[in-house]
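**Student:** got a sequence here, can you build the structure:
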Amino acid sequence: MIKRILVPVDFSDTALQALDYAIEFGKPFRPELVVLFVVEPVYYATPADLYGPAANLSMLLDEQRRIGKEQLLRLAAELEKRGVNARTVLQTGTPFQVIVDTAERLKADLIVMATHGRTGLSHVLLGSVAERVVRSAACPVVTVRGYKPAKRKPRTKRPSR
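**Tutor:** Below is the predicted model:
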């Protein structure tokens, strides 16, 4: 029995397609959907570091959290209108690790997430969050590859900023 599905999102069309998939997949089980947005801290030097004090990374992180929270609130309102049993969670950290830890902490029965399908150099440099989650998660993981249907957009709308 599937009681809780964790759906990590980055608000891309691909992530919203994965959310739609989780909603449809879960209908027979009527699970709680936990929609997770992860704010990844910035660890690299900025060009400003070369000429003066480092940019205030905590302000940047606070702004990312604020924007993420606003988008999650809009998404939660849309899901509520659709009658979806969902809650939202915002966490900060390394995305794959936060996803795996959140799934364990919330005792998720399933993770449904998008894979952006990077290949070549971008895959080598950026890695695949989905791949790392598949390798590390204690529960099953369903990955949804982005697709572009002829005339169908994701049912879930991207929150505006």
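**Student:** could you use CA atoms for every contact and neighbour count after this?
**Tutor:** OK.
**Student:** so where's the protein uncertain?
**Tutor:** 43-55, 117-127, 147-154, 161 (pLDDT under 70).
**Student:** and the strands in the protein, which stretches?
**Tutor:** With DSSP state E, the ranges of strands along the chain come out as 4-9, 32-39, 86-92, 110-115, 141-145.
**Student:** most packed of those strands?
**Tutor:** When you average the neighbours per residue for each of those (mean count of other C-alpha atoms under 10 Å), strand 4-9 leads with a mean of 26.
**Student:** so what strands line up beside that one?
**Tutor:** strand 32-39 (parallel), strand 110-115 (parallel) (DSSP bridges).
**Student:** re earlier: so which of the strands of the chain gets nearest Lys157?
**Tutor:** Of all these, strand 4-9 sits nearest to Lys157, with 12.5 Å by C-alpha to C-alpha.
**Student:** sorry, back to before: may I see the strands paired with strand 4-9 organised as a markdown table, with distance to Val142 added?
**Tutor:** As requested, the strands paired with strand 4-9 are exported to a markdown table (distance: least, C-alpha to C-alpha, whole Å):
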| stretch | distance to Val142 |
| --- | --- |
| strand 32-39 | 14 |
| strand 110-115 | 5 |
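**Student:** so which of those strands is nearest Val9?
**Tutor:** strand 32-39 (5.4 Å).
**Student:** list the buried residues for the longest helix that the chain contains?
**Tutor:** Taking DSSP state H as the criterion, the chain has its longest helix at helix 57-81. Buried residues in helix 57-81, counted by 16 or more other C-alpha atoms under 10 Å: Leu61, Gln64, Arg65, Gly68, Lys69, Gln71, Leu72, Arg74, Leu75, Ala76, Leu79.
**Student:** and if you look at stretch 17-31?
**Tutor:** Gln17, Ala18, Leu19, Asp20, Tyr21, Ala22, Ile23, Gly26, Arg30, Pro31.
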